[in-house]
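Asker: Can you look at this prediction? I've put the sequence above it.
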Amino acid sequence: MAERAGTPTGSPAPTTASALRHTRFLGQQYADITKLRELGARQERLASRYEQRISRLNTKIERLRHQSTLLREKGQKVLEGVPEIEQEIKQHQRTIDASTARGQGAPLTSDVTALHYRVRKLQQKVVDLQQKARALELRAAQRTQKTSELKVKVDRYTEAAHLASQEAAQFRQRADRLQLVTEQETAAAAAPGAAPAPTNAPAAAEPAPAGSPPKSP
């Protein structure tokens, strides 16, 4: 006699209401396990995304720190020539004083005025070098400030990644416990002469979604 359509061979469908309720209960438990593992995977992906942002920010921090160091070294090199120029200014000033003392109030000669002009030019060069060094120091300080701001973001992302990892681990543990219980109940129900498991056990409560992540830089 032909098999009735829709009924698999060798696996008769449950015939009692209790067996049907137990089958639905196990199906709900497997759905809860799948949902918990999905939530755990989402939290793991979120933690990985935070770790990626942290890595990029750390790279940017090191780049800014290196640029700041280069700028400060450049500013120091600029100032290294100032003492030599100041020494030259003092030498010219002594020459001017000696020439003025010998003249005893006579009109200044072109040699003396040339020295005055040379002294002013050297003084202007000193001021220009100092201004350049200060500008370099300002740029270095701005990069240092930016580094501090990025470190605050790194700390925030690090905390968020840690929390996401903890939640992912909790979801996995709950899924593992529920799967163990489900497998035990399935094995007990499959044993010959065993009564079906009670169907009034509470299903795994769906956890609340994780908190919103901090804004990206």
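Answerer: Everything's here; your move.
Asker: nearest residue to the residue most central in space within the chain other than its sequence neighbours?
Answerer: The geometric centre of the chain, computed from its C-alpha atoms, lies nearest to residue 54 (CA atoms, centre = their mean), at 2.3 Å. Nearest residue to residue 54 in three dimensions, chain neighbours excluded: residue 157, at 5.0 Å (CB to CB, 6 or more residues apart in numbering). Any C-beta I mention is one placed from the backbone N, CA and C, and that applies to glycine too.
Asker: my read: the one you found touches residue 56, true?
Answerer: No: using CB atoms under 8 Å, residue 157 makes no contact with residue 56, being 10.0 Å away.
Asker: Neighbour count: those two, which is higher?
Answerer: Each of residue 157 and residue 56 has its neighbours counted (other CB atoms under 10 Å); residue 157 has more, 22 against 13.
Asker: what sits against residue 140?
Answerer: Applying CB atoms under 8 Å, 6 or more residues apart in numbering to residue 140 gives the contacts 67, 68, 69, 71, 72, 75.
Asker: Identify the residue nearest it in space, chain neighbours excluded?
Answerer: Once flanking residues are discounted, residue 140 sits nearest to residue 71: 3.9 Å by CB to CB, 6+ apart.
Asker: returning to that earlier point: the residue nearest to residue 54: which element?
Answerer: helix 110-190 (DSSP states H and E).
Asker: And the pLDDT at the residue nearest to residue 54?
Answerer: You'll see residue 157 listed with a pLDDT of 95.
Asker: Next up, the contacts around it.
Answerer: Listed by CB under 8 Å, 6+ apart, the contact set of residue 157 reads 50, 53, 54, 57, 214.
Asker: hang on, the earlier thing: report the secondary structure state of the residue nearest to the centre of the chain.
Answerer: Three-state call for residue 54 (DSSP: H, G, I helix; E, B strand; the rest coil): helix.
Asker: wait, isn't it in contact with residue 155?
Answerer: No: counting by CB under 8 Å, residue 54 stays clear of residue 155, with 9.4 Å between them.
Asker: re earlier: just the buried ones out of the contacts of residue 157, please.
Answerer: Among these, those classed as buried by neighbour count (16 or more other CB atoms under 10 Å) are 50, 53, 54, 57.
Asker: Done for today, thanks.
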